[in-house]
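# Predicted coordinates and the sequence they were generated for:
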Amino acid sequence: LTVSTGYVVRVLQAVQSSTGAAFPNPYFLSFRTASAVDNTALTVLGVNPAASATSVSRSTAVTVGFSKDMNPATITTSTITLSGGIGGIVGTVTYNSGNRSATFSPTTLLAANTAYTVTIVSGGSGVKDVAGNQLGTDFTSSFTTTSSADATQPTVSFSNADNFGVAVTFSEQVKSGNGP
């Protein structure tokens with residue numbers, strides 16, 4: 001849409017449901033786009049595991065929260081990396097637009113008692129928001145894994161379901177999909 005421009009969305013009574021029921025009244029929505037292009041700096045709001053955390057589970061995934069809606073095409077294993085021990089860690093990266101977070105999930109169990117660093121790449125080849133704004137500088141955060149394997153089994157601490165969805169909360173972080 002063009003900046004500083006007024007728009008009207010109009011839904012006419014000719015609209016019908018899939019069963020043929022007519023829309024009861026015309027509907028109008030008026031709005032105006034912002035007067036400036038978005039050039040607000042993109043920032044990292046937080047990371048989990050937290051910076052300098054110790055005794056982190058060896059099966060952890062790293063989640064990073066951003067200040068703005070991100071361009072999912074820029075959220076890749078080249079722009080969000082995990083390194084430690086003997087070098088780069090192989091994994092997958094996913095982006096959740098609902099909470100503006102990206103998750104790096106290692107494909108193997110992390111080494112025990114080892115320091116790891118997550119890096120979010122800035123600049124032209126790094127992460128960008130939907131307006132194309134770049135991260136100002138590379139973001140890094142480090143954590144250290146526990147010296148032993150996690151032997152505590154997770155439990156369900158809360159669950160709820162209705163016609164619209166299912167919610168389950170576990171006693172500890174659990175893996176969903178591919179990962180160690």
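In hand now; what should we look at? Residues are numbered from 1 along each chain as shown.
# Low-confidence ranges, the protein, go.
Residue ranges of the chain with pLDDT under 70: 149-151, 173, 175-180.
# if you go through it in chain order, where are the strands?
Here the chain has its strands, by DSSP state E, at 6-11, 27-32, 44-48, 53-56, 62-66, 80-84, 87-88, 91-96, 101-106, 115-120, 139-145, 156-161, 166-170.
# Any idea which of those strands gets closest to Val127?
Of all the strands of the chain, strand 115-120 sits nearest to Val127, with 5.9 Å by CB to CB. Backbone N, C-alpha and C define where each C-beta goes, glycine included.
# Tell me which strands the closest one pairs with, and in which orientation.
Take DSSP bridges as the rule and strand 115-120 pairs in its sheet with strand 80-84 (antiparallel), strand 139-145 (antiparallel).
# quick one: which of these is nearest Asn25?
Nearest to Asn25, of all those, is strand 80-84, at 47.9 Å by CB to CB.
# how big is the angle separating the closest one from strand 101-106?
Between strand 80-84 and strand 101-106, the angle comes out at 40 degrees (axes from the mean of the first three to the mean of the last three CA atoms, to 10 degrees).
# With only the CA atoms kept, save strand 80-84 in CSV.
C-alpha atoms of strand 80-84 as CSV (Å, rounded to 0.1, in the frame of the first residue of the first chain):
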residue,chain,number,x,y,z
ILE,A,80,20.9,-18.0,13.0
THR,A,81,23.8,-20.3,14.0
LEU,A,82,24.9,-22.3,17.1
SER,A,83,28.5,-23.1,17.7
GLY,A,84,30.5,-24.7,20.4
